Each structure stands twice: as structure tokens, then as C-alpha cells.
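Asker: Prediction below, plus the sequence it came from.
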Amino acid sequence: MKCSLCGYEFDISESSSACSSCPMNKSCTLLRCPNCGYEFPKEPEWLEKLTKLFKGKKNGRINS
Amino acid sequence: MFIVKNKETDNLSDSHGAQKKTQLKKIVLVGNPNVGKSAIFNCLTGSYTVVSNYPGTTVEVYRGKFKIDNQNFEIVDTPGMYALTSMTEEEKVARNILLEEKPDIVIHVIDAKNIERMLSLTLQLIEAGQSIILVLNMIDELEKSDIKININALKSELKIPIIETIGTSGKGIKELKTAIIDYKIKTNNFIINYDKLEIALSRLKSSINIGQNFSTRSIGALILMEDEDIIDKTIDSESDKQIINNIITEAKSDYNEPLNYIITLKRMETVKKILKYVLEPNYSVKLSIRNFLSKITMHPVYGVPILFIILYFGLYKFVGVFGAGTLVDFLENTVFDKYINPFFIKLFDILIPWAFLQDLFTGEYGIFTLGLRYSFGIILPIVTVFFFVFAVIEDSGYLPRLAMLVDNLFKKIGLSGRAVIPMVLGLGCDTMATMVTRTLPTKRERIISTILLSLAIPCSAQLGVILAIFEGKNSALLVWAIVMGLVFLLIGYLTSKLFPGEKPVFYMEIPPLRLPKISNVIVKTLSRINWYLKEILPVFLIASVLIWLGQVSRIFDMLLFILKFPMKWLGLPEEAGKVFLFGFFRRDYGAAGLYDLKKTGLIDTTQIVVASIALTLFLPCVAQFLITIKERGIKTGIGISIFILFFSFITAFAVNFIIRSMGVNL
């Protein structure tokens, strides 16, 4: 995961620790950069699957 | 032959002395996060790893052992760090390991394709007198990029061993092991020239305790950057602390910017100078073009027209004219008015015989005729094009440059460029942005930005609808924009006077400027649309139900009756009252109501300007109101809301009065 604002690279577990004090963190689908606080939505699962499928086709194979 | 330096001697002379050590030799891996340190660690250690929390923290540190030619080594994999100036807990731990565990060799792992951003830490490690091996990792990715590094040139510039690796496949590990075993301590004369700060650095030398694992020059630079942790560790007596404070104060007087910024800038300049000789010529030309573009986007004079060009084409032309004009017109007037609404009206006529219940679904404020129409017919096309533009801007790396550009202006209203983060996020959703204000370093900045977000930052949907409402009425749009700009600056300035405090300091690592990748832009846009629909759909549907209940119970009519009076004072028709009621559910819901009102032809251009100003400044939506109370406390939250309620109507009243009495025809 790379922050779109400051370029800091982090993984999702770091992001959730950055907003652990927020009361909405359980239901919130946003990711917060632990470095600068910038928030952005997590890529939805359906889009992740679609991207993988597209990449797979591009590489000459189809992911199952 | 492996020779270990004597830290005390090295510290005094800032050179690499040589003395043999008998104990287990220690190697420490350092580098930015995600550069492949762990892969290198695993390649060297195999399966033998001990994970433990660094004392007094929750930060995990990996330790392992390995052998090269019967020589035993201990290796420590440190958490990611960007610089020796520690900001995060992870960076503090990484620096403490270097300071306290006194490694024999420091392996600095960098992502080769991002050498421009990462070489600064290499320079700091050399400056600190560490015995370094630079590992250019992920060279497979470097080969795919348009960057070519001349390794020999880099070696001759830095005078340290440099190894190319692919940590994931183990390529280059053999060479790295050879470099470790053959490591020879040499005096490294490479220094970063800090210009006028050199005087302060040489004066600091006499006050710094010897016995640190970092050179006095490096400790001096950290002290000038006012690193509290380092000051506590290296300065014993109060009198020395006083001397150091005086040196820092004198050094500061030579610059308008904080010393942290000046030192970081000097290091970046040095990196650029080195890369001029190290990167292949074609890439150097590309880099200089990129650097030029990067500089002008942050320039206090040239940066402003660039910002206006982006706002004009990105926001006005694309979001306003295309999204809120063409797309909304098609979806609203063709798709909803001709097909979807008549279909649901007919369907619920058949399904539900009771008129009052039909109203819940297909009435004036029905779930389908209002809730879904507003969501998909008006708001969705606008936020879609806005999120697309936003993703392009975000992926190009322009946002941090915008933060640098507005930093000076923001400082005049008690904020810093850091506040651009919540302000920009506010264009997406003010509620989310209000939560982000907690990342601002001072209470004063948090209060000022919360007020400005509630007052003068419209969310993207509201902004898009307002642009659509003003379509073809450029002078009216200009009046709205000027009033918003003035309110933003005036309220910011007055609030900063009301809550006095120190001038905020702002630093930010600036990632490279690049051409946005279409795949990134599409993924970011779709992710945001997905998130936005999940957020707004339930609220719009609930709002329709609540309005229906309000209608049935007559509460809605009562509220509209009360709002009749302020509407009259503002010179607006009674019907405008419902727009403000909608606005309290969600800002974009209110803006969509205003769009509907304009379509009825009940309001003229001046009234549109007045209503838009009042609505933009009006109370934040319910969610933002609750979050403001949560973040700033009940007293401040309610205080801000009462102020905004009165201020929005007074400003709109004043604008109406001025336009009418001057007889201006918009």
C-alpha cells in the first residue's frame, strides 16, 4: 500500500493501527497513512479480483 | 580481512579508524519501508531468526546469525526509516539500534529505481561515520524502468562498496557476503556542505559528548534540527544546553525557514549533484525536466497560475460543465424523468393503494423519485468525474506540491501546508476531513481547520452541483467564489488571532512528479465511487423516509414555516427553506435541492448566488456536526455550529443587500 500524498509505503495492519483511537474504525472502509494521516478508500474486493483477472489475461493466462 | 573501527577515536576525528574486535561482529540492515530488507535478511540468515519487541516499545525487531567462511555474524533487521531524524516510533527504534548497538557494518538497502529519494539516508549514514555497504535492491525492477545507474560512478562518488541484488531471488547475495567479509574501514572524506550552518556545526563540536556512535558532525546536524532525543542523549550539563540553544538561535536568524528544512534541502541538493554523474544522460535530462516542473508547481508566483489552470480545466470544465452539466442533464432529464420515475410511479400505483404510503416511494420526496434520483441522477455523475480528476491529480504527485505552495498563505491564517490534507479531503467528504484534523500538530490548528471545513469547504458533490447551477452565469460564479475565498481567509485570520500560538512548522517528503498511470486512476476512481455509494445511499434513503415521516406528522411543515422568515430576510422564496433542511441531512442533498429549485424557475440569478453562499456556509451535515462534537468537545462543537448558523445567514444577507443596493445585474 502506498500513500497517494506522501508516498509512504505501509501495509494494511499499519493503517488500522493509525486509526485505532477512532470510534468509527470498525465500520470504516478508509485506509489512513500512518505517516501523514491522508485517507483513501481501500480497493474493493470485486475490483481487486477484476484487476487480477485483467492482469492475468494480459500476461496470457486467466486466473481461476 | 574484516577490520572493526574504534568508535571513540572515530568520533573524535570523524574518520574511520581501525582496530580489531574479537566478539561476534554485528551487522545492521537499515532502509526505507518496503525496500526488501527482510528478503536480504532471510537470504543471509536462512531460517534462524529471533523476533522480539524493542525494549519499552511495541516495535518488532528481527535478529539472526549467519556464517561466512567460518566467521560468525549477528544481523539485525531494523524497522523502516526515512532519515536519521526520527519522527515515528519505528524510526526511533532503528536509530537507537545504530546508536546503542554500535554495529560493525551497516547495510543500507534501497529500492534501486527510487535511488533519488533514498540516497539521502545513505549520505546521512556516511556523515554519521557508519561503515556502510549500499545495497541496490530490486534491480530487476530498475531494468524495466527508464533509469540507468552507473554503479562505478556512484562508487567513486560515495567511496563505499555497492552491491546490486534481487532479494526475492537471492541474486547478488554471494557478492554481498564477499563485500561483508572483505570490508575495509577507510577514511571517507565525503561531506555535505551546509553553507552558513558550517559555523554553527563547528561551534557545536566542543559541546557534544564524545562516546556516541554517530560522528560529532552528524550529531551536530541533528541538534540543529532540534532533535530532542539526541539533545538529551548528548548534552549533559545545563550550561552546555544553554550554549547549544544560543548556537541554534543564532543559526536560525540567518534563515526564514526552519533549520530542519534547510538541512534536508542541502542533502537533497547533494543527492541531485551526485545523480547528475551517476544516472545515464537521457535519464538526467528527463530528471531535470521533471525537477523543473516540480519546482514551478511549488513556486509562490508561477505555482499560482498552474493551480488556476488545474482548477479551471479540472474542476470547472470537467466536473462543472461536463459532469454536472452534460451528464446530470442526460441522467436527470432523460433517464430518470422519462423512464425510471414514470416506471416506479406506475408500479407503486398498482402495488400500493394508499396515497400517503405511495408518497414514501414515489411522492415529491419519495425514496425513488427523490432519494434514488438525487443519488444516481445528480450526485453520482458529479462525484464520478470529480474522483477521476482527483485521482489524476493524486497520481501525478501534485498534492504534496500543492501543500508546499499554499504553506505560506496558510501560515497567515494560523495553519501550515499540512492542513491541505484535511482541506483537500474536505472536497471529498467534510466529515472524514474533520476526523483527519486530529493529525494536525497543535490544538489551535485543529480548531481553525475544523471551523474552515464546516464553513467554507464545500464537498465535491455540493461544489459540482453549484457549478452546474451557475452554468452560463460566469459573473455569478465569480461572486460566489470571491465570497468563499474571502470568508476562508478572513475567518482563518480572525480565528488565528483568537487562538494565538506559534507559527506552525511544516515538512513533507515530496515524491517525484510523474505522468499518472491510467490503471491507477481507474482503480482509485472506482474505489472512491464504491466507497461513496456505500456512504450516501443509506443516508439519502433514510433522509427520504424521515422527510416522509416529517410530512405525515407535520413536523416538516412546521420547520419550513420557521425557515420562511430567514428565507424572506435573504430575499429568497419560501420554497428555499426545504433546501436548507435537506442540507442538514447532507450538504450534497441540499445542493441537489437547490438544483431542483433552480429548474422550477422560481429564483433569479442574484437569489441563486445568495442561496448558494448561504448553503455553502450553512451548518455542516448531521454526520459532520456529530464528528465535530466528538473531535473538539461538546462546547467547542456546539459553539462552532451556532457561529456558523448565524454567520452563514448574515453573510448571505450582506451579499444580497450589496448586490441589490448597487443594482448589479448578474
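Answerer: Yep, that arrived.

Asker: Any stretches of the stretch 1-150 of chain B with poor pLDDT?
Answerer: B:1-23, B:47-48, B:58, B:86-87 (pLDDT under 70).

Asker: Minimum distance to chain A, which residue of it gives it?
Answerer: Nearest to chain A, among the residues of the stretch 1-150 of chain B, is B:Asn34, at 4.0 Å (CB to the nearest CB). Any C-beta I mention is one placed from the backbone N, CA and C, and that applies to glycine too.

Asker: Following element in sequence after whatever helix or strand B:Leu427 lives in, please.
Answerer: Secondary structure from DSSP states H and E places B:Leu427 in helix B:420-428. Toward the C-terminus, helix B:420-428 is succeeded by helix B:430-436 as the next helix or strand (DSSP H and E).

Asker: Remind me what the first helix or strand past that next one going along the chain packs against, helices and strands.
Answerer: Using DSSP H and E, the helix or strand that follows helix B:430-436 in sequence is helix B:443-456. Helix B:443-456 sits against helix B:420-428, helix B:430-436, helix B:474-498, helix B:605-617, helix B:622-632, helix B:634-662, with contacts defined as 3 or more CB pairs under 8 Å, 6 or more residues apart in numbering or on different chains; DSSP states H and E.

Asker: if we can go back for a sec, show me what the helix holding B:Leu427 is in contact with.
Answerer: For helix B:420-428, the external contacting residues (CB atoms under 8 Å, 6 or more residues apart in numbering or on different chains) are A:5, A:36-39, B:386-387, B:390, B:399, B:402-403, B:406, B:410, B:432-434, B:436-437, B:439-440, B:449, B:452-453, B:457-460, B:463, B:528.

Asker: circling back to that earlier point, could you report the neighbour count for the residue of the stretch 1-150 of chain B closest to chain A?
Answerer: Counted with other CB atoms under 10 Å in any protein chain shown, residues neighbouring B:Asn34 total 16.

Asker: likewise B:Phe313?
Answerer: 12.

Asker: List the buried residues of the helix or strand containing B:Tyr532.
Answerer: Per DSSP H and E: B:Tyr532 is located in helix B:518-552. In terms of neighbour count (16 or more other CB atoms under 10 Å in any protein chain shown), helix B:518-552 has its buried residues at B:521, B:523-532, B:535-537, B:539-541, B:543-544, B:547-548, B:550-551.

Asker: give me the element the closest residue to chain A within the stretch 251-400 of chain B is part of.
Answerer: Among the residues of the stretch 251-400 of chain B, B:Glu394 lies closest to chain A, at 4.4 Å counting by CB to the nearest CB. B:Glu394 is part of helix B:380-396, with elements assigned from DSSP H and E.

Asker: helices and strands of chain A: which one has the lowest mean pLDDT?
Answerer: For chain A, counting by mean pLDDT, DSSP states H and E, helix A:12-18 ranks last in confidence among helices and strands (a mean of 65).

Asker: wait, which of the helices and strands packed on helix B:443-456 is closest to B:Ile309?
Answerer: Among these, the nearest to B:Ile309 by CB to CB is helix B:474-498 (15.5 Å).

Asker: Pull the residues that contact that closest one.
Answerer: So helix B:474-498 is contacted by B:412-415, B:444, B:447-448, B:451-452, B:455-458, B:466-467, B:470, B:605-606, B:608-609, B:612-613, B:616-617, B:647, B:651, B:655, B:659, B:666 (CB under 8 Å, 6+ apart).

Asker: Are any of these buried, and if so which?
Answerer: B:413-415, B:444, B:447-448, B:451-452, B:455-458, B:466-467, B:470, B:605-606, B:608-609, B:612-613, B:616-617, B:647, B:651, B:655, B:659, B:666.

Asker: Many thanks, we can stop here.
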